[in-house]
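>>> here is the input, now give the coordinates:
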Amino acid sequence: MAQYLFNEPRYNDPEAARDQVHAAIQRLPERYRLPVTLRYLNDMDYETISQQLALSNGALRGLLSRGVRQLKKELAPYWRSQTEGS
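Model prediction:
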């Protein structure tokens, strides 16, 4: 998951980083949480997710983009603290 969202940052504690990502996903509004979960945690392709959620491909990509942007914003302080001095 982290490699998709954050271009494989270096971590002092990968398990803690994973837990932070999962917790942040749970805090996303459902309209973002479900597509992000299906795409990045369940590794589903865009077409399957679009069909299951009855969304156009463009709408799905927009929700994913906004969801990932929100995750990056929320996790930025954590990522900086984990990568400082690395």
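
>>> okay, and residue 50 sits in which element?
helix 46-53 (DSSP states H and E).

>>> show me what that helix is packed up against.
helix 30-36, helix 57-83 (3 or more CB pairs under 8 Å, 6 or more residues apart in numbering; DSSP states H and E). C-betas here are computed from N, CA, C, even on glycine.

>>> could you give me the buried positions within the shortest one?
Pointing back at helix 30-36 there. Within helix 30-36, the residues that count as buried by 16 or more other CB atoms under 10 Å are 32-36.

>>> other SSEs contacting that helix?
helix 14-27, helix 46-53, helix 57-83.

>>> quick check: mean pLDDT across it?
What helix 30-36 shows for mean pLDDT is 97.

>>> please apply the same query to the last one.
Along helix 57-83, the predicted local confidence has a mean pLDDT of 87.

>>> re earlier: adding mean neighbour count and distance to residue 40, write the helices and strands packed on helix 30-36 out as JSON lines.
JSON lines is the format used below for the helices and strands packed on helix 30-36 (neighbours: other CB atoms under 10 Å; distance: least, CB to CB, whole Å):
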{"stretch": "helix 14-27", "mean neighbour count": "14", "distance to residue 40": "8"}
{"stretch": "helix 46-53", "mean neighbour count": "14", "distance to residue 40": "11"}
{"stretch": "helix 57-83", "mean neighbour count": "15", "distance to residue 40": "8"}
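
>>> residue 50 versus residue 62, what's the distance?
Look at residue 62 and residue 50: by CB to CB, to the nearest Å, they are 12 Å apart.

>>> actually, residue 35.
Distance from residue 35 to residue 50, by CB to CB: 9 Å.

>>> rewinding a little: distance to residue 20 for the helices and strands packed on helix 46-53 - can I get that in CSV?
What follows is the helices and strands packed on helix 46-53, written out as CSV (distance: least, CB to CB, whole Å):
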stretch, distance to residue 20
helix 30-36, 14
helix 57-83, 5
